[in-house]
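# build the 3D model from these lines:
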Amino acid sequence: MLYQGSSLQGDYPELSVDYSKVQLSSGKLAPPAGIVAAAASPSGLQLSWNTSGYLGDPLPADMLMVNVYHPVSGFAACYENCASRSDGSVVLATPEEWSGQEVVVWGFFASAKPSGKTKPSERVSATAYAGTVTLL
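Take a look at the predicted model:
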């Protein structure tokens, strides 16, 4: 996980992470506006985001990338190309052993444009924090 200086809080050895400031990606593509995570049954996670009003020349076919971090174990689940920008929502299966526990969720978009047509900095969005959720 990439922690920018502003996501670390406190003084050593009492450091903590402000998950809302963690950035896993950086780019000029429009991020998933209004992304929100919620528990879905069974052992699932639902994400939803706004599908209108974009800046940065996005395409409806831009693909959502999601990272779900489980602080208790220190493990993360990564979901690549799990939905398009125009879908507006997706339900993801999470590890059953995480049921009843808290996870932290982020998402970002990767461009649907061919790689030869865009600069690398235009191929991904900044990371959007989707929230901390207790799974069912």
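# so which strand or helix has the residue nearest the centre of the chain?
Nearest residue to the geometric centre of the chain (C-alpha atoms, centre = their mean): residue 107, 1.6 Å. Using DSSP states H and E, residue 107 maps to strand 102-110.
# over to residue 77?
Per DSSP H and E: strand 75-79 holds residue 77.
# after that strand, which helix or strand is next? Please name it.
Counting by DSSP H and E, what follows strand 75-79 is strand 89-93.
# list the buried residues for that next one?
Of all the residues in strand 89-93, those buried under the rule 16 or more other C-beta atoms under 10 Å are 90, 92. C-betas here are computed from N, CA, C, even on glycine.
# quick one: strands adjacent to that strand?
Counting by DSSP bridges, the strands paired with strand 89-93 are strand 44-48 (antiparallel).
# distance from the chain centre to the strand it pairs with, please.
11 Å (C-alpha atoms, centre = their mean, to the nearest Å).
# ok, back up a step: tell me the angle of the strand holding residue 107 relative to strand 89-93?
Strand 102-110 runs at 130 degrees relative to strand 89-93, counting by axes from the mean of the first three to the mean of the last three C-alpha atoms, to 10 degrees.
# which SSE is immediately downstream of strand 102-110?
Per DSSP H and E, strand 102-110 leads on to strand 128-134 as the next helix or strand towards the C-terminus.
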